[in-house]
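> just a sequence and a predicted model for now, questions to come.
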Amino acid sequence: SADTSGGKLKFTHLKGPTGATTSGGSIELSGCDGPLKVDTSGGRIEASDGSGSLEARTSGGSIVVRNFAGDAKVETSGGRLAFENINGKIFGRTSGGSISAKLKSPVPGDVNLEKPRPAAST
């Protein structure tokens with residue numbers, strides 16, 4: 001587990017449970033086999049070439065997940081979501097960004113992607 005109040009966190013080829021929290025930086029996971037649980041208040045999250053399960057949350061950045069074998073649950077308040085080649089269930093939610101998904105056919109797991117509609121003004 002790693003925690004920082006303002007810097008970038010980068011993990012490469014870790015095996016086993018991995019946790020990371022930062023208040024102001026990005027988080028990169030490359031070739032990590034988890035479970036993986038990451039959280040940032042103001043940065044981007046990217047996970048690639050990993051396996052296990054992924055939980056990722058950011059308040060102000062985008063989340064990109066590529067070539068991941070396992071379930072991915074990701075949420076952002078202000079950024080885009082991008083998924084490519086995920087072999088597992090996908091849950092993604094963004095309040096303020098776009099969502100893109102390039103998945104194999106047939107899709108190997110449940111996919112739930114949400115972007116809440118703005119409230120109607122009265």
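Cool, got the structure. Residues are numbered from 1 along each chain as shown.

> count of residues packed around A72?
25 (other Cβ atoms under 10 Å). Where C-beta positions appear, they are placed from N, C-alpha and C, glycine not excepted.

> err, T58, not the other one
25.

> now stretch 31-46, how far from the centre of its chain.
The chain centre lies 6 Å from the centre of stretch 31-46; the measure is Cα atoms, centre = their mean, to the nearest Å.

> let me fix that, I meant to ask about stretch 95-107.
Using Cα atoms, centre = their mean, the offset of stretch 95-107 from its chain centre is 12 Å.

> also stretch 63-80?
Distance, centroid of stretch 63-80 to centroid of chain: 3 Å (Cα atoms, centre = their mean).

> in this protein, what residue spans correspond to strands?
For the chain, the strands defined by DSSP state E cover 2-4, 9-12, 18-22, 27-30, 36-40, 45-58, 63-76, 81-86, 90-94, 99-102, 111-114.

> for S98, which non-adjacent residue is spatially closest?
R80 (4.6 Å; Cβ to Cβ, 6 or more residues apart in numbering).

> can you pull the contacts of that neighbour?
62-63, 94, 97-100 (Cβ atoms under 8 Å, 6 or more residues apart in numbering).

> against S48, how distant is the nearest residue to H13 once chain neighbours are set aside?
Nearest in space to H13, with sequence neighbours left out and distances taken as Cβ to Cβ, 6+ apart, is G31 at 4.4 Å. Counting by Cβ to Cβ, to the nearest Å, the gap between G31 and S48 amounts to 8 Å.

> now do G25
Distance from G25 to S48, by Cβ to Cβ: 18 Å.

> so between the two, which is more surrounded?
Legend: neighbour count by other Cβ under 10 Å for G25 and S48, higher for G25 (20 against 16).

> that one contacts T40, correct?
Yes - using Cβ atoms under 8 Å, G25 is in contact with T40, at 6.5 Å.

> in this structure, what secondary structure element scores lowest on mean pLDDT?
Lowest on mean pLDDT, DSSP states H and E among the helices and strands of the chain sits strand 2-4, with a mean of 78.
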